[in-house]
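Student: Starting from these lines, generate the structure:
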Amino acid sequence: MFKLIKLKLIVCVAAIFVVVLGLFFFAQKTYALPNSLLSYQGRLTDSSGNVVQNGTYNITFSIYTDLATSGSSWSETQSVPVKNGIFSVMLGSVNPIAIAFNASDYYLGIKVGSDSEMSPNSNWCCTICDQFQKT
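Tutor: Numbering: from 1, shown residues only. Have a look, this model is predicted:
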């Protein structure tokens, strides 16, 4: 009888181990921003590559998971001070970023004032996912 209980215990432990192992290997990784803010710096130039004049510009930032679709996963517009073409913003300070970073690619779109969105959009998934990946 003691051998039967010991065998049942071993089978139960093995079953739990298999379930936990399966969850570990087959669970989809999801990366969420802990504080919903991303620091972003850039250099703003005109179409000829010249630095824009110092001033404050309304800039719309958008995050896309697929460039073929017209809708963004997130966007916000900020009044951004620019000096010598350089700007720095905290993305998510107007509209919190509520994206589970689990897609293969993410693209940042930038639109200044009433101009069209700049292209090509920059692919920066690796930067985001690496920043929030847990080892």
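
Student: quick one, what contacts N121?
Tutor: Taking C-beta atoms under 8 Å, 6 or more residues apart in numbering, we find N121 in contact with 64, 67, 107-109. Where you see a C-beta, it was placed from the backbone N, CA and C, and this is true even at glycine.

Student: if we go to 6 Å?
Tutor: The neighbourhood of N121, defined by C-beta atoms under 6 Å, 6 or more residues apart in numbering, consists of 107, 109.

Student: ok, I99 - how many residues close by?
Tutor: Counted with other C-beta atoms under 10 Å, residues neighbouring I99 total 19.

Student: for this protein, what spans make up the helices?
Tutor: Using DSSP state H, the helices found in the chain span residues 2-26, 125-132.

Student: By mean pLDDT, show me the worst of those helices.
Tutor: Of all the helices of the chain, the minimum mean pLDDT falls on helix 2-26 (a mean of 45).

Student: okay, A68: pLDDT?
Tutor: pLDDT, read off for A68, is 72.

Student: How many residues are close by it?
Tutor: 5.

Student: And for the nearest residue to S39 once chain neighbours are set aside, the neighbour number?
Tutor: Among residues not flanking S39 along the chain, M90 sits closest, at 6.0 Å (C-beta to C-beta, 6 or more residues apart in numbering). By other C-beta under 10 Å, the residues close to M90 number 13.
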